[in-house]
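Asks: the sequence and its predicted three-dimensional model are supplied below.
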Amino acid sequence: MTEALLELQNLVVLRHTDPTGFFGLWGARPVRALDGVSLTLRRGETLGIMGGAGGGKTTLAEAATLRRAPDRGRILFEGRDVTSIRGGEKDKLQRRLQMIRQDARESLEMDQPVGKQFRDRMKQYGLNDPDSRIRRALEQVELGAEFADRTPLQMSGGQQQRVAIARALALNPIMVAADEPVSGVDPHLQRDMLTMLERVQKQQNLTYLLISQERKTIARLAHRVAVLDSGRLYETGLAEKVLTEAKHPYSRLFLGLEPGEIPFEEDRVGKVISGCPFAGTCPAVTARCRTEMPAAREVGAGHQVACHAI
Ligand code: SF4
């Protein structure tokens, strides 16, 4: 599990806030949804991405699967720069880099039979033998072949989420970015779905970018964990280390390793562009933190932290 599949190098993704003022012409400004994020995904591993809502996790997944072009930085796939690929070449790679959205309804046509939706996508990518691919993908998520004839509206929330996963698997991906894949599922079904995701990963040597705010989901599947907030990567390391011995003050609060709460601030991404984005809350803040962005540095084997105090 050491071969680099995907490398994100110093990615910056800008987002334009809603303009305000006369005719909406004033007030628009670019904020950094991702602000200099560098990460490596190794073939066959699960990299868990944790952090508060609105902190850039979904944007990261979109950039990693070529669904959102970065404004700066590079994306390497198997060592090759794919940041600016276009057309058929991009389609081909996008098929191998799938994304499962948090809400299955964002991926599925709710009133269309699942089989038809799958077939249309396979046609778009020029894949042959759609029926056996559909059957296999539904089997992988533990749904019978009869689900191909049903619409998502005729299914439970858990079944819809399994279909959304099958939709990604049917395209034979090499990497899947899964955004809170079990958060909308009944708690008693979550364990089964995590077992299923783990089994599929082993069968296909899949790489997962697993976004979750749920510690137990990350602890169950992730080999490594990255903590992201305000578009900045605060900490990266082996899952067992980060989940129990995180060093960054944000990680420690977020993971409940220190008492206290992180105040919820809607759409805080990019609000601080100089200094540490956590300076407003951090109990260890110093004057330096307010003016100088901390760079990530190695604090142990494969363990990196971006904090002036560490
Ligand atoms: S850099 Fe400063 S403000 Fe940011 S987490 Fe570290 S100590 Fe806190």
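Replies: Yep, it's here.
Asks: so what's F254 up against?
Replies: M50, G51, G52, V227, D229, I262 (Cβ atoms under 8 Å, 6 or more residues apart in numbering). To be clear about C-beta, it is placed using only N, CA and C from the backbone, and glycine gets the same treatment.
Asks: drop anything exposed from those residues.
Replies: M50, G51, G52, V227, D229 (16 or more other Cβ atoms under 10 Å).
Asks: which of those scores worst on pLDDT?
Replies: Lowest pLDDT of the buried ones among the contacts of F254: G52, 90.
Asks: next, it: phi, psi?
Replies: phi -70, psi 160 (degrees, to the nearest 10).
Asks: report the beta-bridge partners for the closest residue to it other than its chain neighbours.
Replies: The shortest distance from G52 to any non-neighbouring residue, by Cβ to Cβ, 6 or more residues apart in numbering, is to D229 (5.4 Å). Assessed by DSSP bridges, D229 has beta-bridge partners R232.
Asks: does D229 touch G51 like I think?
Replies: Yes. Counting by Cβ atoms under 8 Å, D229 does reach G51; the two are 4.2 Å apart.
Asks: burial measure for N205, as a count.
Replies: The tally of other residues near N205 (other Cβ atoms under 10 Å) stands at 10.
Asks: could you do R15 as well?
Replies: Quick note: R15 (other Cβ under 10 Å) scores 18 neighbours.
Asks: just Y125 next, same as before
Replies: Around Y125 there are 13 residues (other Cβ under 10 Å).
Asks: before we move on, what about E62?
Replies: 20.
Asks: and it, that's in a helix?
Replies: Yes. Counting by DSSP: H, G, I helix; E, B strand; the rest coil, E62 is part of a helix.
Asks: residue contacts, it?
Replies: R68, M99, A177.
Asks: around the ligand, which positions in this structure sit nearby?
Replies: 249-250, 276, 278-279, 282, 284-285, 289, 294, 307-309 (Cβ under 6 Å from any ligand atom).
Asks: output the lowest mean pLDDT helix or strand found in this protein.
Replies: helix 104-107 (a mean of 85; mean pLDDT, DSSP states H and E).
Asks: buried subset of the contacts of E62?
Replies: Buried among those by 16+ other Cβ under 10 Å: R68, M99, A177.
Asks: any idea how far the second one lies from the ligand?
Replies: Here the criterion is Cβ to the nearest ligand atom, to the nearest Å. By it, M99 lies 30 Å from the ligand.
Asks: for that residue, give the beta-bridge partners.
Replies: Bridge pairing for M99 - DSSP bridges - gives A177.
Asks: can you give me the helices in the stretch 101-250 of the chain?
Replies: With DSSP state H, counting those that start in this stretch, the ranges of helices along the stretch 101-250 of the chain come out as 104-107, 114-124, 130-140, 157-169, 187-204, 215-221, 239-245, 249-254.
Asks: weakest of these by average pLDDT?
Replies: helix 104-107 (a mean of 85).
Asks: neighbours of R136, just the number please.
Replies: Quick note: R136 (other Cβ under 10 Å) scores 15 neighbours.
Asks: quick one, what contacts the closest residue to it other than its chain neighbours?
Replies: Leaving aside its chain neighbours, R136 sits nearest to A170 (7.6 Å; criterion: Cβ to Cβ, 6+ apart). By Cβ under 8 Å, 6+ apart, the contact list for A170 reads F118, R121, M122, R133, I134, R136, A137.
Asks: closest one to L93 out of the residues you listed, please.
Replies: R121 (15.4 Å; Cβ to Cβ).
Asks: surely the closest one touches L171?
Replies: Yes. Counting by Cβ under 8 Å, L171 is a contact partner of R121 at 6.7 Å.
Asks: quick one: which of the two has more around it?
Replies: It is L171, of R121 and L171, that has more neighbours when counted by other Cβ under 10 Å, with 20 against 16.
Asks: need the contact list for the more buried one.
Replies: Contacts of L171 by Cβ under 8 Å, 6+ apart are R95, R96, Q98, R121, M122, Y125, L127.
Asks: show the buried residues in those residues.
Replies: R95, R96, Q98, R121, M122, L127.
Asks: between those, which is nearest L76?
Replies: Distances from L76 to these, taken by Cβ to Cβ, are shortest for R96, at 14.3 Å.
Asks: ok, how many other residues are close to the nearest residue to that closest one once chain neighbours are set aside?
Replies: Spatial nearest neighbour of R96, excluding adjacent residues (Cβ to Cβ, 6+ apart): I174 at 4.5 Å. As a burial measure, I174 scores 19 neighbours (other Cβ under 10 Å).
Asks: done for today, thanks.
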